[in-house]
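Colleague: Just to be clear, the model below is a prediction. Sequence and coordinates:
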Amino acid sequence: MANFPTHIVVGTIVAGSLATLTLAADVIAPENLVAVTLAGSLGSVLPDIDLKDSRPSRALFAGLAVFFSFALLFHFAPHLSIAEMWALWLGTLLFVRYGLHTAFHRLTSHRGVWHTWIAGLASAFATVLAFYYVFDRPDGVAWLAGGFLLIGFLTHLVLDEIYSVDVLGNHIKKSFGTAFKPFDRRNPWGSAVMAAAAVALLLVTPSFTTFYDGITSRPMWTALNDRLLPKDTWFGIMLKRDRMIASPAAEAGAPVTGSLPAPDATGAPAASPPPAAP
Ligand SMILES: [Zn+2]
């Protein structure tokens, strides 16, 4: 599999490229776009969350801990005293970083159920819910974030399959063919639970209509297609060379000639109406 920095870099490039398209489509506000892009980056490292006692897993849980502690803090802050905010923030941080981390590794094996398409879907639906209910974003933005996370997640699985190299070393593993899979055949029960979780999360997600109408809008795709390449020159830089070639040619092509032949004078005179009889 690809190592942690590679996943971060490739995932961020993929998410950033999609974010650029989204910006050109002018469908969401720039501040939402940054959060949505981060969801894509998160998705690109999420499948390796099941690596026991590894730097990627600790970093992921530390990141998730910071994310959730601030998310809850911002959500509940208006109703709490400062002491309660400290307790909530620290409690969430420690619970996610150590409590969930330990519980998670008791339940999972690496490249198991977490390294599957259904886990990607479940994570994407969870992201939609987080953006909608925790961050109070509109449903279209929430679904876009879920979409970015899913694309980041699938990018990770594809990249692992391409590399087939150990995450902390660089020797070829025998695991080729295990990274990009819809579900984990070695763990049918785990796969069933993951699928059930994905369905349960899907049932409580907000309306899909705004997002669907947005990405299937024909005028939007037409506008994006029109804008794909620059009309004249890249970044508006004019090529002086072309002008220098063009200018003398234009003058040389206009030779001075003699007078034009006189027009034919045999045109029929305009018939004047006869004078009216008295
Ligand atoms: Zn992986």
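Modeller: The structure has been received and is ready for your questions.

Colleague: which helices and strands sit right next to the strand or helix carrying residue 56?
Modeller: Following DSSP states H and E, one finds residue 56 within helix 55-76. Under the contact criterion of 3 or more C-beta pairs under 8 Å, 6 or more residues apart in numbering; DSSP states H and E, helix 55-76 touches helix 4-25, helix 30-45, helix 82-94, helix 101-107. C-beta here means a position set from N, CA and C on the backbone, and glycine is covered the same way.

Colleague: do that helix and the ion meet?
Modeller: No. Under the criterion of C-beta under 5 Å from the ion, helix 55-76 makes no contact with the ion; the nearest approach is 8.6 Å.

Colleague: That helix: which residues count as buried?
Modeller: For helix 55-76, a neighbour-count test (16 or more other C-beta atoms under 10 Å) marks 56-57, 60-61, 64-65, 67-69, 72-73 as buried.

Colleague: And the average pLDDT for that helix is what?
Modeller: The average pLDDT within helix 55-76 is 86.

Colleague: and what of stretch 17-36?
Modeller: Mean predicted lDDT for stretch 17-36 stands at 86.

Colleague: what sits up against that stretch?
Modeller: 37, 40, 131, 135, 137, 140-141, 144-145, 148, 151, 214, 220, 223-224, 227 (C-beta atoms under 8 Å, 6 or more residues apart in numbering).

Colleague: Could you tell me which of those belong to helices?
Modeller: Using DSSP state H, the members of the contacts of stretch 17-36 that fall in helices are 37, 40, 140-141, 144-145, 148, 151, 214, 220, 223-224, 227.

Colleague: and the helix holding residue 56, C-alpha only, in PDB?
Modeller: Once non-C-alpha atoms are left out, helix 55-76 reads as follows in PDB (Å, rounded to 0.1, in the frame of the first residue of the first chain):
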ATOM      1  CA  ARG A  55       1.700   6.200  13.400                       C
ATOM      2  CA  PRO A  56      -1.100   6.700  10.900                       C
ATOM      3  CA  SER A  57      -3.700   5.300  13.200                       C
ATOM      4  CA  ARG A  58      -2.600   7.400  16.200                       C
ATOM      5  CA  ALA A  59      -2.400  10.500  14.000                       C
ATOM      6  CA  LEU A  60      -5.900   9.700  12.600                       C
ATOM      7  CA  PHE A  61      -7.400   9.300  16.100                       C
ATOM      8  CA  ALA A  62      -5.600  12.400  17.300                       C
ATOM      9  CA  GLY A  63      -7.000  14.300  14.300                       C
ATOM     10  CA  LEU A  64     -10.500  12.900  14.800                       C
ATOM     11  CA  ALA A  65     -10.300  13.700  18.500                       C
ATOM     12  CA  VAL A  66      -9.500  17.400  17.800                       C
ATOM     13  CA  PHE A  67     -12.100  17.500  15.100                       C
ATOM     14  CA  PHE A  68     -14.900  16.100  17.300                       C
ATOM     15  CA  SER A  69     -13.900  18.000  20.400                       C
ATOM     16  CA  PHE A  70     -14.100  21.300  18.600                       C
ATOM     17  CA  ALA A  71     -17.200  20.300  16.600                       C
ATOM     18  CA  LEU A  72     -19.100  19.500  19.900                       C
ATOM     19  CA  LEU A  73     -17.700  22.600  21.600                       C
ATOM     20  CA  PHE A  74     -18.800  25.000  18.800                       C
ATOM     21  CA  HIS A  75     -22.200  23.300  18.700                       C
ATOM     22  CA  PHE A  76     -22.900  23.500  22.500                       C
END
